[in-house]
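# show me how the following folds:
(one chain, ligands or ions: 2)
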Amino acid sequence: MPSGSCLCGAIAYSYSGNPASKALCHCLTCRKLTSSTSAMTILLPTPQFNLPDTTTSSEHYRTYTAVHETGVELTAHFCANCSSVCWKTSEQGWPGFVVIFAGTLNEAEGGKGGVAEVSPEAELWIKHRVPWLKSLDGGEGDGKGTVHQFEGFPPQ
Ligand SMILES: [Zn+2]
Ligand SMILES: [Zn+2]
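Ligands and ions are numbered 1, 2, ... in the order given. The predicted model follows:
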C-alpha cells in the first residue's frame, strides 16, 4: 500500500487501489503551494485515502483554504511543523477526491513505491509550463504522445 508523509513525519497517509489519474500540474496555485515549478499529483477517490489517528490528532496538522486562479476554492493540507503540503481537497473542484502531492510519497527499499513509480498520464495547465521544461508527451509538444496535454483542468 503506497504511503507518504510530510518531511518531519508528523502528517502521514496511505492509499489503496489505483488512482483515478496521475498528472503533472503546472498551475500557478500548485506552484506556490509546493514552491516548485510544477507538481506531480495523484487524483484519488476519497474512500481509498487513509489517514492514521496520529495524523488527524496531530497538533501539527493544518489546513489552508485558498482560491485557485480559476476561482475554485481549494484546501491545502499541510504540516505546521515542517511545512510540507501533502494533499489538497476541493468541494467545488473535485468533490469525492483528494489530490495527493506525489512528492510526499515514501520511497520503499530499493527505490520502489515512491514517486518514481507514479508516471504521469497527463500534463495540466501547460500554458504555465516553464519554457525550459520539456513536454512529457514525447518531447515534441505536439500532443501526439501518450501523456495527454491540457491547457487547464481536464474536462470532467
Ligand atoms: Zn511535518
Ligand atoms: Zn495545479
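# contacts for the longest helix anywhere in the chain, please.
Counting residues, the longest helix in the chain under DSSP state H turns out to be helix 28-34. Identification of contacts with helix 28-34 by C-beta atoms under 8 Å, 6 or more residues apart in numbering yields 36-39, 41, 66, 68-69, 74, 76, 85, 88, 101, 103, 125, 128. C-beta coordinates here come from the backbone N, C-alpha and C atoms, glycine included.
# may I ask which helix or strand of the protein has the lowest mean pLDDT?
Within the chain, no helix or strand scores below strand 148-149, which has a mean of 90 by mean pLDDT, DSSP states H and E.
# mind giving me the packing neighbours of that strand?
Packed against strand 148-149 by the contact rule (3 or more C-beta pairs under 8 Å, 6 or more residues apart in numbering; DSSP states H and E) you find strand 122-124.
# let's see it at 7 Å
Helices and strands touching strand 148-149, by 3 or more C-beta pairs under 7 Å, 6 or more residues apart in numbering; DSSP states H and E: there are none.
# sheet-wise, list the partners of it with their directions.
Sheet pairing of strand 148-149 (DSSP bridges) gives strand 122-124 (parallel).
# next one: E69 from ligand 1, what distance?
Going from E69 to ligand 1 by C-beta to the ion, to the nearest Å gives 27 Å.
# once you drop chain neighbours, what's closest to that residue?
In space, and not counting its chain neighbours, E69 is closest to L28: 5.3 Å by C-beta to C-beta, 6 or more residues apart in numbering.
# neighbours of the one you found, how many?
Counted by other C-beta atoms under 10 Å, the residues lying close to L28 total 12.
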